[in-house]
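Undergrad: sequence and computational prediction follow.
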Amino acid sequence: MVKRNMSLIVSNNFLTYLADSIFDLAIAWYVYQLTGSAFFTATTTAISMTTNILVGPMIGVFIDRTEPKTSMQIGYAIMILVGIILGGTYFFNVDGLLAVIYIALTLHNICMIFIGPAQSKLLPRIVGEQRIVKVKGYLSSTTQTSDLIGQSIGGVVISVIGFVGVMLTHSAVYLLASILLMFVINISLRKSESVPHSKPTVWSDLKGGFKILKQEKTILKIILLAIAANVSMIGGSLLVVLVSDQYNVNATYYGLMNASAAGFGILIGLFANKLVNLAKPYMMFAISLVLAGIGFVGMGLTANYYIGVVFFLVVTGATTLMNIIFGSLLIILVKDEFRGRVNTLLGAFSPILIPPIVLLGGYVADIYEVGYLFIFSGFWLMLVGVIPFIDRDIRSIDHLPNEG
C-alpha cells in the first residue's frame, strides 16, 4: 500500500508541476512580450508573493480543518477553471488582457497555496514519517522533471498552439492530477486526542499557528533564514530579462536553459536521501547557500549563454538540496494538526520582502544592466550562508530521519 501511495503521489506531483511550469513560462513570456518592461515582468512575481502574504495564513487554517486531499482537490478545480477562462479571454480578444492575466495569476497562486501545504500534511499519513526525506527527494525530482518537460515543450507549445492552447493544456493536466489523487489512501489516519464540544474560531486556530512558531525557535529561525535568502530574488526574478538582454538569445534558449537546470535538479532529488546525510543539516544549509551565491555571481558576470547555463546549474542544484532539507524539517518538526498553518505562515512570512524587492529590481533593470542585480544576489546569499554556522538553534538540528 505504501509503494502504491508513493507512486500515486509522485505521479500526481509530476502532473501538478508540469501544468504549473507551462503556466509560469507562458505568463512570464507573454507579459514581457506584451510590455517589453522588466518592471512589469517583475510584477508577476510580486503579485504571487503578495498573495502568499495576504491570504496564506487563512488558507492554512482551512487546510488544518479539512482533509488534505479535499484541500488539494479544491485547488485543482479552481485552477482548471482559471486556464479555461484565461484561454477564452485571449481567444475572444477581450480588452485588458494584461489585467486578466494578473487576476488569473493571483487565483492560480492561491490554489497552489492549497496544494503545497496540504501535500506536506498528507505525506506522513500515506508513506510514514521515516520515509519523508526519501519521498521528498522523489517529489523534488519529479518537480524538476516536470519543469524540464514544461520548459522544453513550453516554447514549442506557445509557438504551435499559442496562448489558448497553453491554457487549455494546463487545465487538462490539472484534471489528470486530480484524478490520480482520488486513488491515494491514508494508511495512518490522524485523530484528535480529544474532541472539543465547540469548534474553535478561525482566529484562535490562526493564533495556534503563531504559538507554535513562538515555542519552536528552530522553526522560527529557519523561516527567518528563508526571509533573508529571498532577498536574492531582486535578481533571481529577472532570469528572463538576463537571458534576453545580457545573453541575447530567444525563448527557445530560455527554455533549454531551464530544462538543463531541471535535469540537474532531478539528479539531486534522486540522491537526496544520501546527500542530506553527508553533513549535519546546518552545514548543508550553509554550503547550499554559498554555492547558490557563487552561481548567481557567475551568471551576472558572464555574457556568454553557455557559461551562464553552467552557473545556473550550480544555483539549481544548491537550491534544490536546500529546499528538500527545509521541507523535510518542517514536516518532521511540526505536529500534524499544525502543519497546514505553519506551512502557510511560512509561505506568508518567507516572501514578505519579495514584492518590494522584485519591483525595485525591475525598476533598476530598466535603467542599468540586469547582471549587477545577479551579482548582488550572489554576494548576499554567501553572506546569509554564514548564519547557520553561528546560530545556536539551527546548529542544534542533529540529523534528518533516514529510511536506511
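TA: Looks like it came in fine. Computed from a prediction, not measured in an experiment: that's the story for all the values here.

Undergrad: so where do the helices sit in the stretch 151-300 of the chain?
TA: Assigned by DSSP state H, counting those that start in this stretch, the stretch 151-300 of the chain shows helices spanning 202-215, 217-229, 233-236, 239-241, 251-270, 272-275, 281-301.

Undergrad: would you convert those into CSV that also reports mean neighbour count and distance to residue 72?
TA: No exception for glycine: its C-beta is placed from N, CA and C like everyone else's. Shown next, in CSV, are those (neighbours: other Cβ atoms under 10 Å; distance: least, Cβ to Cβ, whole Å):
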stretch, mean neighbour count, distance to residue 72
helix 202-215, 15, 19
helix 217-229, 19, 23
helix 233-236, 25, 26
helix 239-241, 22, 29
helix 251-270, 20, 21
helix 272-275, 19, 23
helix 281-301, 22, 28
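
Undergrad: can you say which of those is nearest to residue 379?
TA: helix 281-301 (6.5 Å; Cβ to Cβ).

Undergrad: got the angle for the closest one vs helix 217-229?
TA: Here the directions of helix 281-301 and helix 217-229 differ by 10 degrees (axes from the mean of the first three to the mean of the last three Cα atoms, to 10 degrees).

Undergrad: pipe the helices of the stretch 151-300 of the chain into a markdown table and attach distance to residue 313 and mean pLDDT per row.
TA: Output for the helices of the stretch 151-300 of the chain, formatted as a markdown table (distance: least, Cβ to Cβ, whole Å; pLDDT from 0 to 100):
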| stretch | distance to residue 313 | mean pLDDT |
| --- | --- | --- |
| helix 202-215 | 34 | 67 |
| helix 217-229 | 19 | 80 |
| helix 233-236 | 15 | 78 |
| helix 239-241 | 13 | 83 |
| helix 251-270 | 5 | 77 |
| helix 272-275 | 15 | 73 |
| helix 281-301 | 8 | 90 |
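
Undergrad: which helices and strands sit right next to the helix or strand residue 24 falls within?
TA: Taking DSSP states H and E as the definition, residue 24 sits inside helix 2-35. Under the contact definition 3 or more Cβ pairs under 8 Å, 6 or more residues apart in numbering; DSSP states H and E, helix 2-35 sits against helix 38-65, helix 97-127, helix 132-181, helix 239-241, helix 251-270.

Undergrad: those helices into a markdown table, with extra columns for distance to residue 1?
TA: Below are those laid out as a markdown table (distance: least, Cβ to Cβ, whole Å):
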| stretch | distance to residue 1 |
| --- | --- |
| helix 38-65 | 24 |
| helix 97-127 | 9 |
| helix 132-181 | 14 |
| helix 239-241 | 41 |
| helix 251-270 | 23 |
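
Undergrad: closest one to residue 377 among those?
TA: Across these, residue 377 has its closest neighbour in helix 239-241 (11.0 Å, Cβ to Cβ).

Undergrad: good, we can wrap up now.
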